[in-house]
Structures are given as C-alpha cells and as structure tokens.
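Undergrad: Give me a model of this one.
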Amino acid sequence: MQGPAGQYPTLQVHPGRRCNLQCLHCYSDSGPAVSELLEIGLLEAVVADAASIGYRVMSVSGGEPLLYPALGELLRAAHAAGLVTTVTTNAMLLDQRQLDVLRADCDLVAISLDGIPESHNFMRNSSRAFEDMRARLP
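TA: Presented below is the predicted three-dimensional model:
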C-alpha cells in the first residue's frame, strides 16, 4: 500500500527539544537549557492517526530522544499501531535502562555521527562528544 508520502511513509517525531549537547548545526535549537516536551497523550493520538492514513514508520529524534521521559510509551504506541520504529540518538546517554527501553519497542537505533573525532566534537560543540559516544556503544 502506498501512503501519503510514498512506499514507506514516515512520521518524524520530535517529542522534546531538550538535549545534552548544543550542536552547531542543530536545526531545532535544542540544548541543555530547553525544557519543552510534547505530552504523551497527544503523541499517542498523532501516531494512531498517522497509522490510520497509511504511515508505516515512526522515526524519533529531537532534541535527544533518550531525554524524553515517555520514550518507551511512545515506542509502544507506535508498535501497537503497526508502525516500524526508529530512534536517532547521539548515544552519549545510552545505559542499561535506556537500552532496555529501546530493546522493547525500537526496531532500529541510528547513531548520529559527524565524521572523524575532531569534526564530530567540533560540530557537537563538545571536546568529549566522540569519546563519550564511543564508550557507550559496546
């Protein structure tokens, strides 16, 4: 079935703008001082509506999606609606609790990477971004 955006129509969700970094190239003006969050009830309704009109994938980014308190609920709602789920993260906050949330209802985790360590750190506006991300990957 073709949906409104093609063969794999994707609902792009940015549940919050809070982020542990303040990247130079951030298109959503996210950062550590930003606290805006969308309510989970609203997002659950949007996910159900999107699935009902043919969307097949929900991709979550942000801000840093691992800072969204209801990430697990959002991913569960998407799976319940029949959507494939993806999360794009800077990976600096991955820990066992976050991995358990992702393992339960995330079909694909994408790690945002800006090249070699020096360019990654420059773009992320952090001297430790690459090393902290790499340390969390195993």
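Undergrad: Can you check the pLDDT for the closest residue to residue 16 other than its chain neighbours?
TA: Computed as Cβ to Cβ, 6 or more residues apart in numbering, the closest residue to residue 16 that is not its neighbour in sequence is residue 37, at 4.1 Å. Backbone N, C-alpha and C define where each C-beta goes, glycine included. For residue 37, the pLDDT comes out at 95.
Undergrad: need the contact list for residue 37.
TA: 15-16, 18, 68-69 (Cβ atoms under 8 Å, 6 or more residues apart in numbering).
Undergrad: Let's see which of these end up in helices.
TA: Assigned to helices by DSSP state H, none of these qualify.
Undergrad: Drop anything exposed from the residues you listed.
TA: Neighbour-count burial (16 or more other Cβ atoms under 10 Å) is assigned, among these, to 15-16, 18, 68.
Undergrad: will you turn the contacts of residue 37 into JSON lines that also has distance to residue 28 and pLDDT?
TA: As requested, the contacts of residue 37 are exported to JSON lines (distance: Cβ to Cβ, whole Å; pLDDT from 0 to 100):
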{"residue": "15", "distance to residue 28": "11", "pLDDT": "97"}
{"residue": "16", "distance to residue 28": "10", "pLDDT": "96"}
{"residue": "18", "distance to residue 28": "10", "pLDDT": "96"}
{"residue": "68", "distance to residue 28": "13", "pLDDT": "97"}
{"residue": "69", "distance to residue 28": "18", "pLDDT": "97"}
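Undergrad: Closest one to residue 9 out of those, please.
TA: residue 15 (19.1 Å; Cβ to Cβ).
Undergrad: Please consider this matter closed, and thank you.
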